[in-house]
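Participant: model the structure of this input:
(2 chains)
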Amino acid sequence: MNILSDLSHTLSAAFAACGYEPSYGAVTVSNRPDLCHFQCNGALPAAKAHKKNPLMIAGEVAERLQNDARFASVETAPPGFINLRLSDGTLASLANGMAADERLLLPRMEPKTIVFDYGGANVAKSLHVGHLRPAIIGDALCRLSRFLGHTVVSDVHLGDWGLPMGQVIAELEERGLDAASITVEDLNEIYPAASARCGTDAAFAEKAAERTASLQRGDPEIRAVWKRFRALSVDHLKRSYENLDVAFDYWYGESDAEPYVPRVKDMLREKGLLRESEGALVVDVALPDDKEPMPPMMVQKSNGADVYGTTDLGMLLQRREDFDPGEVWYMTDIRQSLHFKQVFRCAKLGGILDMGGGSIQCLHVWNGTMNGADGKPYKTREGGVMRLNDLISSVVENALRKVEESNLPMTEPERAEAARMLGMAALRVGDMQNHRTKDYIFDMDRFLASEGKTGPYLQYTVVRCRSVLAKARDAGFIAGEILPPPTDAERDLLLALPLVSDALLRAFADKAPSVLCEILFDIAGRFNRFYFEHKILQCPDGALRASRLALLGLTDRLMTLLLDILGVKIPLHM
RNA sequence: GCACCCGUAGCUCAGAUGGAUAGAGCGUCAGACUCCGACUCUGAAGGCCGUGGGUUCGAGCCCCGCCGGGUGUACCA
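Facilitator: Reported below is the predicted structural model:
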């Protein structure tokens, strides 16, 4: 059940019946709530196309809707708006319909298999704050897609095959260290040191590049070293993602694409796409009408080593064979957008995307960066890269202080658990309330506050709602039919609930969890007003009490579902 | 240099295919608990939508110029 598309459907039919394009019937939520619930502006463009008076067209269309019992009123307004108001009975029956359905009448899409490539952790070092956004946004989009009926395959896609590997190996050699005896902390020091040294020491840089090539060629000694520190790092990364409550179906890395790389090169060669340039193998991916610079994509470096584009192509071949996906979504920050344009074009040219039936659609679902108060990428106080685990710890630590202030009777482990729920909600909602593509400013105090557009505010709303429901159960009250709303507060809440369906579809279409945050805050605000203004348990009218309990139950279910998609858990008490 | 993204209230951000009076949250000010959880709610003030042109009956949104910020521009990922 999708109220906007239902109404659009009705209006489209009315436009068609009057001899206009049905597409003029698009209905949106009203931007004048004082006048109506929903509006249709189609008469305005229709008037332009047919050289008629828009208000007249609106009138013709509105005339066709006068007998539709769902509407309390259908009015026109200059210059040509069609204003729709639903009847209280319609609002009640919409809500009752949702409440009676296990799935809340929420939509299901034509199922596809979608591979989610997010994470992108590098095995040479720990996760840092830059890994946060792709991880939690990807996580939310996985759950959203699954809820809408798609088959989801998530893959962490570790960076474990490129130059950083050679840099670590070369540095270990220089220091005479054994990969078996180092720790993750050592790695976190070794890799940046090696990386920096490559910038100043040409001989070392060459050595690192050569070690990378040797690793890829299969030199047994080099591979043994690589395997050791890789295992060490993967173990650490798994715990870090667990700490973030993000799980992956597959823990593949670039190295898992290695068996597919020769075939990729063959495919490209057969099509005559591979070209030698300065000793390297490249594929031209520029198109004649490109405005932006589109350099050729490098498939093999002059020293014979592969680069990450090569493994991306190999991985695509592997995914095609293992999962037969309709779509592959790559989640990284915006800086890699040129890279993915090149990879997608190259894969298309090479026939790697073509399946028996159709073609795999690849999307770069990029995100902006998380910045500090200065508007620059978030750093530690010392100006270094902030580790993700440290960020989580400090958020949870601050959340613990809040939990302690609340003075609720809790055991020590319960308090710790509550702090984690609060902190993670603050982090997730603080991030995802912003549109994916925008940079945003990380502000711990603001995110953790219980007032405002925050995770804790949403959690508190649901906790309060459930608290009443629990008391109702204890008192033996049961929910009943939702009645036509007797008050404005109830009507406003009933108007928001059927919009969840549309929000889910829009969030999917835009790949934007922020759309879900928006509807959550809208519902929470309306619910809190309703809750404040009306008695529920003490409502003297039994039928109205039962109706309000049902409304609470429905609100709880919808909010819980949306929060669950976002990865936000609800504590018992706050 | 070239290309892409961005500039909306003091702050952080929304603004659906171009449509009515540009919306939230925070902060500020003024209010609301004998009552289901006040971590809540109500109200007010606050804007030449970076800037100058253009298209349109109508522009925050589309086109061009300028100013300011970010990112990218083959042997890194």
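Participant: in the helix or strand encompassing residue A:390, what counts as buried?
Facilitator: With elements delineated by DSSP states H and E, residue A:390 resides in helix A:388-406, which encompasses its position. Using 16 or more other C-beta atoms under 10 Å as the test for burial, helix A:388-406 gives A:388, A:389, A:391, A:392, A:395, A:396, A:398, A:399, A:400, A:402, A:403. Just so you know, the C-beta spots here come from the backbone N, C-alpha and C atoms, and that holds for glycine as well.
Participant: closest one to residue A:32 out of those, please.
Facilitator: residue A:402 (39.4 Å; C-beta to C-beta).
Participant: am I right that the closest one is in contact with residue A:421?
Facilitator: No: using C-beta atoms under 8 Å, residue A:402 makes no contact with residue A:421, being 11.3 Å away.
Participant: now the element after the strand or helix carrying residue A:173, going C-ward?
Facilitator: Secondary structure assignment for residue A:173, by DSSP H and E: helix A:163-175. Of the helices and strands lying after helix A:163-175 in sequence (DSSP H and E), the nearest is helix A:184-200.
Participant: what angle separates that next one from helix A:163-175?
Facilitator: Regarding helix A:184-200 and helix A:163-175, their directions subtend 100 degrees when assessed with axes from the mean of the first three to the mean of the last three C-alpha atoms, to 10 degrees.
Participant: which stretches in the stretch 51-200 of chain A count as strands?
Facilitator: All strands of the stretch 51-200 of chain A, identified by DSSP state E, counting those that start in this stretch, fall at A:71-77, A:81-86, A:113-117, A:151-155.
Participant: helices or strands up against the last one?
Facilitator: This points to strand A:151-155. Secondary structure elements in contact with strand A:151-155, counted by 3 or more C-beta pairs under 8 Å, 6 or more residues apart in numbering; DSSP states H and E, are strand A:113-117, helix A:132-147, helix A:308-323.
Participant: also the second one?
Facilitator: Of the remaining helices and strands, those touching strand A:81-86 by 3+ C-beta pairs under 8 Å, 6+ apart are strand A:38-40, helix A:43-50, helix A:54-64, strand A:71-77.
Participant: that one pairs with which strands?
Facilitator: Strand A:81-86 has these partner strands in its sheet, going by DSSP bridges: strand A:38-40 (antiparallel), strand A:71-77 (antiparallel).
Participant: can you narrow the buried residues of helix A:388-406 to ones near RNA strand B?
Facilitator: Cross-checking those against RNA strand B (C-beta under 7 Å from any atom of the strand) gives residue A:402 as the overlapping residues.
Participant: going by distance to residue A:452, which of the buried residues of helix A:388-406 wins?
Facilitator: Lowest distance from residue A:452 to the buried residues of helix A:388-406 (C-beta to C-beta) belongs to residue A:402, with 13.9 Å.
Participant: residue contacts, the closest one?
Facilitator: Under the criterion of C-beta atoms under 8 Å, 6 or more residues apart in numbering, the neighbours of residue A:402 are A:419, A:422, A:448, A:450, A:456.
Participant: so what's the residue of the stretch 301-450 of chain A found nearest RNA strand B closest to, chain neighbours aside?
Facilitator: Among all residues of the stretch 301-450 of chain A, residue A:450 sits closest to RNA strand B, at 2.6 Å; criterion: C-beta to the nearest atom of the strand. Beyond its immediate neighbours in the sequence, the residue positioned closest to residue A:450 (C-beta to C-beta, 6 or more residues apart in numbering) is residue A:456, lying 4.4 Å away.
Participant: sec struct for the one you found, please.
Facilitator: Secondary structure of residue A:456, reduced to three states by DSSP: H, G, I helix; E, B strand; the rest coil: helix.
Participant: burial measure for it, as a count.
Facilitator: Using other C-beta atoms under 10 Å, residue A:456 has 25 other residues around it.
Participant: anything in stretch A:340-350 sitting right up against RNA strand B?
Facilitator: No: figure legend: stretch A:340-350 not in contact with RNA strand B (C-beta under 7 Å from any atom of the strand); closest approach 8.7 Å.
Participant: chain center to that stretch: distance?
Facilitator: In terms of C-alpha atoms, centre = their mean, to the nearest Å, the gap separating the centre of stretch A:340-350 from the centre of its chain is 24 Å.
Participant: show the average pLDDT along that stretch.
Facilitator: Model confidence over stretch A:340-350 averages 93 on the pLDDT scale.
Participant: same deal with stretch A:362-378?
Facilitator: Averaging the model's pLDDT scores along stretch A:362-378 yields 87.
Participant: what of stretch A:301-317?
Facilitator: Averaged across stretch A:301-317, pLDDT comes to 94.
Participant: could you list the buried residues of that stretch?
Facilitator: Of the residues in stretch A:301-317, A:301, A:305-317 count as buried by neighbour count, 16+ other C-beta under 10 Å.
Participant: same deal with stretch A:487-500?
Facilitator: For stretch A:487-500, the buried set under the neighbour-count rule, 16+ other C-beta under 10 Å, comprises A:489, A:490, A:491, A:492, A:493, A:494, A:495, A:496, A:497, A:498, A:499, A:500.
Participant: those in helices, which ones?
Facilitator: With DSSP state H as the criterion, helices contain A:489, A:490, A:491, A:492, A:493, A:494, A:495, A:496, A:500 from among the buried residues of stretch A:487-500.
Participant: rewinding a little: what's near enough to touch the residue of the stretch 301-450 of chain A closest to RNA strand B?
Facilitator: Residue A:450 sits in contact with A:402, A:456, A:457, A:460, A:574, where contact means C-beta under 8 Å, 6+ apart.
Participant: which pair of those residues spans the longest distance?
Facilitator: By the measure C-beta to C-beta, the contacts of residue A:450 have their two most distant members at A:402 and A:457, which lie 12.5 Å apart.
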